[in-house]
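Student: Requesting a structural model of the entry that follows:
(2 chains)
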Amino acid sequence: MNIEELEQIAESVRLENAKYDYEVNVCMDLACASQGAGPLRDELVKAAEKSGKKVLVRRTGCMGPCSSGPLVRVDPEETLYHHVHANHAEAIVASLGDGPVPALQCDLNEHFDKQVRVVLENAGYIDPEKIDDYIACDGYKALLTALTEMSPNTVIQQITDSGLRGRGGGGYPTGLKWGTVAKAGGDLKYVICNGDEGDPGAFMDRSVMEGDPHRVIEGMAIAAYAVGASKGYIYVRAEYPVAVARLTAGLRDARRRGLLGNGICGTTFNFDIEIRLGAGAFVCGEETALIASIEGKRGTPKPRPPYPAVSGLWGKPTLINNVETYANIAPIIRKGGKWFANMGSERSKGTKVFALTGKITNTGLVEVPMGIKLREIIEVIGGGVPGGHTFKAVQTGGPSGGCIPAEMFDTPVDYETLAQLGSIMGSGGMIVMDDTSCMVNVARFFIEFCMTESCGKCIPCRAGTAQMFTLLTRICNGGGTLDDLELLEDLCATVKEASLCGLGQTAPNPVLSTLKYFRNEYIEHIVHKRCPAGVCNIEAAVPEVQAEVLA
Amino acid sequence: MPAFTPPPLPSDDKRWKIVNGTMRKNGFARHALIETLHTVQSSFGYLDDDSIRFVARSLRVPLSQAYGVVTFYHYFSLKPPGKHTVTICAGTACYIKGADKLVAAAEKRLGIPQGQTTKDGKISLMTARCVGACSRAPVVLRDGEVMGEVNSEQVLEQLERWAVE
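Tutor: Just a heads-up that it's a prediction; the model follows:
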């Protein structure tokens, strides 16, 4: 395989597609599939055959606005249809060449206009199970360019120039991480992709792995070349069976095309990837715990240093990046680090994919330039809160993040600003809450999550989260005292400072941020024995709770 | 050191061959423990004592370590699943959209707490950490099939349908 052959494949795909007058793209991502996208596609295929028109019906990955699903886009007109069901198939096919079907047309221009698509550039445009579709969209061009025209150091330099930072949540500069692994000694090194999207309420990585698996594979291969690794692992949640299937098929096709394996594109570079299944442990998102899990052990973290970049998988230098980080690599190599650095804010470059969910009109996946204001994401892209309710807060970063109140919506979204507000960027979950959500109960929900997910290795996290849960339950049930708030803050500080890994260090964030911005709700529960949102059932619970209190 | 011979298969059930296949593919290496347990669970539906013992012996992993791994990860189940399984997603988006009400309704109807199977072995009631269909919250899996924007009535209807089967 060389660049010319890649061009030939791309050309043949283009010729093949040119045989059709229309392309009907059906989003087959989980959300649309749950609303009947599967039968819809079958009906579209049937209707297309019957009509005698030259129509290509294509299954694609997530198109974005899941709440409008099932989604269908007709090309070349780029007409987007929403809430399409199997019985609409004939009408859509009949309308081709004849203007759109007005009843199904969806107006989400504002939703899309604010977005910039880098990671999701192919989502909704290619069939995820066809490597040639990916190649036709400049796929694997970056890998071949890197292998034939760039030295590993030049690759790392481009990544450093781009200013890309880890998209898993930590925000560590990617170029710096790659440089450290590249400099580490030894001839055996590993590259790992963290696809263990444990943050509940986030599904960006699932969509990327399912909708554009080759983008991840290409990013990993470029990383391996840059740091000198010959073996890679993709660690995927077992709860994502489609992602596992797509990646497995993707790896097989890449091997067949000679894009993985020995002597890739006639160079001396050897690289192959294996899939490892996660088994449902949030802590495995922490890099040392993830490594333990790949080694077949319980996913308990280890103290760092030594960092995995020096001593990781089986004691060898290991590069770990998140799915979205790898998904950014190919475009950076193709278009240059400077192009990427032109997007975003001063210290957070590029774009970020968010999973917009909760009490918001347009739920789904959005990709926005860093530095965009929260308000724009929620009010313009998300379309505001439905049902006449008022906004209360947005939660970013999952169980490690915090709740940002409505007053702060004009702050720009980047790593530093979110951290200053007591939240984190996280992997990209963004959950909107309205006046029907009780912030004390939300804090309790997250602490319960961290308590059950704590691996138990270090005491501050294991015992601290359990005590915080007891206190929060007591407050939710109306049995709390004002002293409990101080105790909570004290515990938060201890757990944050003394825990071994990221899980414990960030577990207090939801509590601290709600205590900071929604303290009045805590006080309402404690002093007036009422839950302003009407979520907590205070009166019913008081007598039993008193008996339950551990403290 | 004498060459290691893996133990014989526990029975002539064909599924053991699939399990053995996973271990062979990984050269009976210890790090294949989680992979192998996944294969056992997908073949048999759950992990029982015999299968954990067999896998531990085959991979030369102490039984305590194998058991530790099985109990550490939520995905592994030590109990056989019911004929049907309803899984209610308990992720953040589903929680905000009222998944706890679905759980309460199902618990009341079935008379069992989440994580258990009815006495007749017909229906298991499970919760999931997050299935990644958050934009359609609350989400329920009906025997693994994703259903979005579900309400309590729909859950109860489904349970009713299974109960009379």
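
Student: C-alpha from now on. contacts and neighbour counts both.
Tutor: Fine.

Student: how about residue 63, what does it touch?
Tutor: Reading this off chain A. Residues near A:M63 by CA atoms under 8 Å, 6 or more residues apart in numbering or on different chains: A:27, A:71, A:123-124, A:365.

Student: Actually, chain B is the one I wanted.
Tutor: B:52-53, B:56-57.

Student: which parts of stretch A:403-421 are buried?
Tutor: A:403-406, A:409, A:411-415, A:418, A:421 (16 or more other CA atoms under 10 Å in any protein chain shown).

Student: Would you mind giving both backbone torsions of A:L120?
Tutor: phi -100, psi 20 (degrees, to the nearest 10).

Student: just the helices in chain B please.
Tutor: Assigned by DSSP state H, the helices in chain B fall at B:14-25, B:33-44, B:49-59, B:63-72, B:92-96, B:99-110, B:152-163.

Student: before we move on, the earlier item: what's the ChimeraX line that selects buried ones from the contacts of B:L63?
Tutor: This is the ChimeraX syntax for the buried subset of these, where burial follows 16+ other CA under 10 Å:
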select /B:52,53,56
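
Student: close enough to count as contact, A:L6 and A:Y134?
Tutor: No. Counting by CA atoms under 8 Å, A:L6 stays clear of A:Y134, with 10.7 Å between them.

Student: just to revisit the earlier point, for the helices of chain B, which one ends up most surrounded?
Tutor: helix B:92-96 (a mean of 27; mean count of other CA atoms under 10 Å in any protein chain shown).

Student: what is the rounded mean pLDDT of that helix?
Tutor: Here helix B:92-96 scores 92 as its mean pLDDT.

Student: now check it, is it near chain A?
Tutor: Yes. Judged by CA under 8 Å from any CA of the partner chain, helix B:92-96 comes into contact with chain A at B:92-94, B:96.

Student: For those, could you give me CSV that also reports distance to A:R276?
Tutor: Listed next are these as CSV, based on distance: CA to CA, whole Å:
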residue, distance to A:R276
B:T92, 26
B:A93, 27
B:C94, 27
B:I96, 31
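
Student: ok, B:H74 - how many residues close by?
Tutor: 15 (other CA atoms under 10 Å in any protein chain shown).

Student: go on, the one 10 residues further on?
Tutor: Using other CA under 10 Å, B:H84 is surrounded by 18 other residues.

Student: Return the set of residues that bridge with it.
Tutor: B:H84 has the following beta-bridge partners by DSSP bridges: B:I123.

Student: Point out the residues in the stretch 401-550 of chain A that sit beside chain B.
Tutor: A:431, A:433, A:437, A:455.

Student: if we go to 7 Å?
Tutor: A:431, A:437 (CA under 7 Å from any CA of the partner chain).

Student: Could I get the full set of helices for the stretch 401-550 of chain A?
Tutor: Taking DSSP state H, counting those that start in this stretch, the helices of the stretch 401-550 of chain A run over residues A:415-420, A:439-453, A:459-476, A:482-498, A:502-506, A:509-517, A:519-527, A:538-548.

Student: I'd like these as CSV, with mean pLDDT appended.
Tutor: Putting those into CSV (pLDDT from 0 to 100) gives the following:
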stretch, mean pLDDT
helix A:415-420, 92
helix A:439-453, 95
helix A:459-476, 96
helix A:482-498, 96
helix A:502-506, 93
helix A:509-517, 96
helix A:519-527, 95
helix A:538-548, 54
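
Student: for whichever strand or helix holds A:L144, the distance to its chain's centre please.
Tutor: Using DSSP states H and E, A:L144 maps to helix A:141-149. The gap between the average C-alpha position of helix A:141-149 and the chain average comes to 27 Å, counting by CA atoms, centre = their mean, to the nearest Å.

Student: any idea how far A:A419 is from the residue in the stretch 451-551 of chain A that chain B sits nearest to?
Tutor: For the stretch 451-551 of chain A and chain B, the shortest gap (CA to the nearest CA) falls at A:C455, measuring 7.9 Å. For A:C455, the distance to A:A419 (CA to CA, to the nearest Å) stands at 25 Å.
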